[in-house]
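**Student:** need coordinates for the below:
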Amino acid sequence: MTAPAIADRVAAATENFVRGKLTGRPLADGLRGLGGGVLPPGEHRPGAAALVRTLDADMFGYGAREAVVAALRGRLDDQPVFGPAAPVAELEEALAQVLPGASTRLGPAQLQVAGPRSVATTLAFAFGWSAEPGEGDVVLLRPAARPAP
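**Tutor:** Numbering: from 1, shown residues only. So this is what the prediction gives:
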């Protein structure tokens, strides 16, 4: 669900007008009725600040490309953008897609992954898990304690 914002409605109406999507309706028709959102002089409300979400609640904190870079970079201050730690089954499914047959469940919240460490570590980070080196090319994965957003 998206919280309504008058600025968003004005921007959408303007885009429709510029791109010719209003099918002959004047721009003013697309903006009619928005006056109720304008406050009297001297009256204030939270405004756009009320629409700002915390990083862990923002589904679109990063675009797809930025999310890949953030996961590969692995900085702790980027972790909240990926949301809470994913269930073990969800991480297992992702590992199976990227590294078929490379993961083994060791417990309800612990995985062992054999394969490229960088791939396992990156997936673990994006799914809210921590990666610890094991023997050889094995990585142990556990849910990470996330920093506060």
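**Student:** can you list the buried residues in stretch 94-104?
**Tutor:** Along stretch 94-104, these residues count as buried under the neighbour rule (16 or more other Cβ atoms under 10 Å): 94-95, 98-99, 102-103. Quick note: C-beta positions are derived from backbone N, CA and C, even for glycine.
**Student:** centre of the chain to it, how far?
**Tutor:** On the basis of Cα atoms, centre = their mean, to the nearest Å, stretch 94-104 sits 23 Å off its chain's mean C-alpha point.
**Student:** that one: end-to-end distance?
**Tutor:** 13 Å (Cα to Cα, to the nearest Å).
**Student:** neighbouring contacts of that stretch?
**Tutor:** Among residues not part of stretch 94-104, those counted as contacts by Cβ atoms under 8 Å, 6 or more residues apart in numbering are 92, 111-116, 119-120, 123, 127.
**Student:** sorry, back to before: just flag the most distant two among the buried residues of stretch 94-104.
**Tutor:** Spanning the widest gap among these are Ala94 and Ala102, at 11.3 Å by Cβ to Cβ.
**Student:** returning to that earlier point: just the buried residues of stretch 94-104: which are in helices?
**Tutor:** Taking DSSP state H, the ones among those that sit in helices are 94-95, 98.
**Student:** hang on, the earlier thing: switch the contacts of stretch 94-104 over to a markdown table; also include secondary structure and neighbour count.
**Tutor:** Output for the contacts of stretch 94-104, formatted as a markdown table (DSSP: H, G, I helix; E, B strand; the rest coil; neighbours: other Cβ atoms under 10 Å):
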| residue | secondary structure | neighbour count |
| --- | --- | --- |
| Glu92 | helix | 18 |
| Leu111 | strand | 22 |
| Gln112 | strand | 16 |
| Val113 | strand | 26 |
| Ala114 | strand | 17 |
| Gly115 | coil | 17 |
| Pro116 | coil | 14 |
| Val119 | helix | 16 |
| Ala120 | helix | 26 |
| Leu123 | helix | 23 |
| Phe127 | coil | 23 |
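**Student:** and of the ones in helices among the buried residues of stretch 94-104, the nearest to Pro87?
**Tutor:** Of those, the one sitting nearest to Pro87 (Cβ to Cβ) turns out to be Ala94, at 11.2 Å.
**Student:** report pLDDT for the closest one.
**Tutor:** In the prediction, the pLDDT value recorded for Ala94 is 93.
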